[in-house]
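K.L.:
Below is the sequence, then the predicted model.
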Amino acid sequence: MLTLNRHTDDGGWEYREAWFDEEAGEFVVHHGTVGRNGTITAETAGAEQAEGLLESFRAQCAADGFDEPDPAELIRLEVVYPLKGTTPGAAEERNVTQVHTAALTWLAWRGLGALQDPEQTERDGSQAMVMALDTLHRRKATETVAAAVRSTDVQPTRVRVSRRPQG
């Protein structure tokens, strides 16, 4: 997947993403304003055509002022699900899966970044499942994760979003 962004005149961000969906045999373009649901289009393509389409997409985006975000502009967030013990129980695994699936989908549709897979790690003296995210808009990403969690049957108070330094 290729994701490119540009600043808008009002200080916000726009995004354009493209990828080849091999299973569907489609070249897919997703675009919009960061933090809002985007628009998606797809055209039938073979693997041999996808590379050329991706290069054309990259060239058009460059002409329109889209580029990969400067790493210094990205904000590292973590979606944290604290565990009750040293390893997740079956209910915790189910909850983490629900949170990850919902947050990943909600963030992606709004151009707010790709949520990484959950990893067990130590946080604040105990174990937690942590999902990292690099985003251009901290507030919108945090609000989107909260809304995504509310769409599940996981208690919203069990999940927190925190800012972590990159690197």
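P.N.:
Arrived safely. Everything quoted here is computed from the prediction, not taken from an experiment.
K.L.:
what helices or strands is the helix or strand harbouring T3 leaning on?
P.N.:
If you go by DSSP states H and E, T3 is part of strand 2-7. Packing partners of strand 2-7 (3 or more C-beta pairs under 8 Å, 6 or more residues apart in numbering; DSSP states H and E): strand 13-21, helix 47-63. C-beta here means a position set from N, CA and C on the backbone, and glycine is covered the same way.
K.L.:
and the angle from the last one to strand 2-7?
P.N.:
Counting by axes from the mean of the first three to the mean of the last three C-alpha atoms, to 10 degrees, helix 47-63 points 10 degrees away from the direction of strand 2-7.
K.L.:
What's opposite T39 in the beta bridge?
P.N.:
H31 (DSSP bridges).
K.L.:
returning to what we had before: could you redo the helices and strands packed on strand 2-7 as JSON lines and give each row mean pLDDT and mean neighbour count?
P.N.:
JSON lines is the format used below for the helices and strands packed on strand 2-7 (pLDDT from 0 to 100; neighbours: other C-beta atoms under 10 Å):
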{"stretch": "strand 13-21", "mean pLDDT": "96", "mean neighbour count": "19"}
{"stretch": "helix 47-63", "mean pLDDT": "96", "mean neighbour count": "13"}
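K.L.:
taking the mean pLDDT, what do you get for the strand holding T3?
P.N.:
Throughout strand 2-7, pLDDT has a mean value of 95.
K.L.:
follow-up on the earlier one: indicate which one of the helices and strands packed on strand 2-7 is closest to E119.
P.N.:
strand 13-21 (24.0 Å; C-beta to C-beta).
K.L.:
Quick one: residues in contact with the closest one.
P.N.:
1-8, 26-34, 38, 42, 45, 47, 50, 53-54, 57, 61, 66, 111, 136-137 (C-beta atoms under 8 Å, 6 or more residues apart in numbering).
K.L.:
PyMOL command to pick out the buried ones of the residues you listed?
P.N.:
With 16 or more other C-beta atoms under 10 Å as the criterion, this PyMOL line picks the buried residues out of these:
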select buried, resi 3+4+5+26+27+28+29+30+31+32+33+34+38+45+50+53+54+57+61+66+111+136+137
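K.L.:
Perfect, that will be all.
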